[in-house]
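Engineer: Turn this into a model:
(one chain, ligands or ions: 1)
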Amino acid sequence: MPNGKVAGQRCIQLDENNLCKLFNKPERPPVCLQFKPMRDVCGDSNEAAMKIITELELLT
Ligand code: SF4
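Structural biologist: Residues are numbered from 1 along each chain as shown. Predicted structure coming up:
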């Protein structure tokens, strides 16, 4: 996504199993490499992660 994504939008690099199609590839964005998953951000499910991360994106 060369121009980034809007808050709440699913990354186009996620596959049907919610795995990153760019994992371990050089074109994976640096911000993704630096991100460290934690419960406060990711919750305990995909639905929780989308809700929390969308809220954080809208606030920043
Ligand atoms: S790690 Fe980055 S590129 Fe990969 S799916 Fe997540 S947001 Fe998209």
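
Engineer: pull the longest helix from the chain.
Structural biologist: In the chain, taking DSSP state H as the definition, the longest helix is helix 46-59.

Engineer: same for that helix, what does it pack against?
Structural biologist: Here helix 46-59 touches helix 39-42, going by 3 or more Cβ pairs under 8 Å, 6 or more residues apart in numbering; DSSP states H and E. Yep, even glycine has a C-beta here, placed from its N, CA and C like the rest.

Engineer: From the contact counts, what lies against the helix it packs on?
Structural biologist: Partner elements for helix 39-42 (3+ Cβ pairs under 8 Å, 6+ apart): helix 46-59.

Engineer: ok now do the residue nearest the centre of the chain, which residues does it touch?
Structural biologist: Nearest to the mean C-alpha position of the chain, counting by Cα atoms, centre = their mean, stands Cys11 at 6.5 Å. Listed by Cβ atoms under 8 Å, 6 or more residues apart in numbering, the contact partners of Cys11 are 1, 5, 20.

Engineer: so Arg28, which of the three states?
Structural biologist: Three-state assignment for Arg28 (DSSP: H, G, I helix; E, B strand; the rest coil): coil.

Engineer: gap between it and Ala48?
Structural biologist: Remark: distance between Arg28 and Ala48 (Cβ to Cβ, to the nearest Å) = 24 Å.

Engineer: From the centre of this structure, give me the residue that's furthest out.
Structural biologist: Pro26 (17.2 Å).
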